[in-house]
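Asker: what would the 3D arrangement of this be:
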Amino acid sequence: MLSNARFEARIPTQDLARARRWYSEKLGLEPAEEREGGLRYEGASGVFCLFASAGASDGSFTQMGFYVDDVDAAVAQLRARGVVFEEYEGAVNGIMDIRGNYPSKGSGERAAWFRDSEGNMLGLAEVTP
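Answerer: Sure, this is the predicted structure:
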């Protein structure tokens, strides 16, 4: 029934204006559309929306990921903009090597995680062949 549906992520915010500034200043992203209580962002192959919410994620899991061609360069650029990356045991410069992946996505990933202004956990990943 939903196999032909388009998928979009929804990310809750306690303060939509603060989140908009953070996504602009830290990630360099601007909304493609906006409405009362919501902002819609479009990327090369995906969409996500920030929305004003009374609820909040506990930030203990990845809510959305960004696939990039060079995770080292992306981490360096985002750090220069003030993004703080999570540090995990086994990570080098905040980046983890992860074995195993979906067959269409190579043999693994190199990944890093950070939180937005609202405490939502976001990830960066580079597919490894």
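
Asker: mind listing the strands in this structure by residue range?
Answerer: In the chain, the strands defined using DSSP state E lie at 9-13, 33-35, 38-42, 47-52, 62-67, 96-99, 108-115, 121-128.

Asker: between those strands, which gets nearest to Val75?
Answerer: strand 108-115 (5.2 Å; Cβ to Cβ). C-beta: built from backbone N, CA, C; applies to glycine.

Asker: and stretch 54-71, how far out from the chain's middle?
Answerer: 4 Å (Cα atoms, centre = their mean, to the nearest Å).

Asker: go through that stretch and flag the buried ones.
Answerer: Of all the residues in stretch 54-71, those buried under the rule 16 or more other Cβ atoms under 10 Å are 57, 63, 65-68, 71.

Asker: average model confidence for that stretch?
Answerer: Stretch 54-71 shows a mean pLDDT of 93 in the predicted model.

Asker: now do the end-to-end distance for that stretch.
Answerer: Terminal residues of stretch 54-71 are spaced 33 Å apart (Cα to Cα, to the nearest Å).
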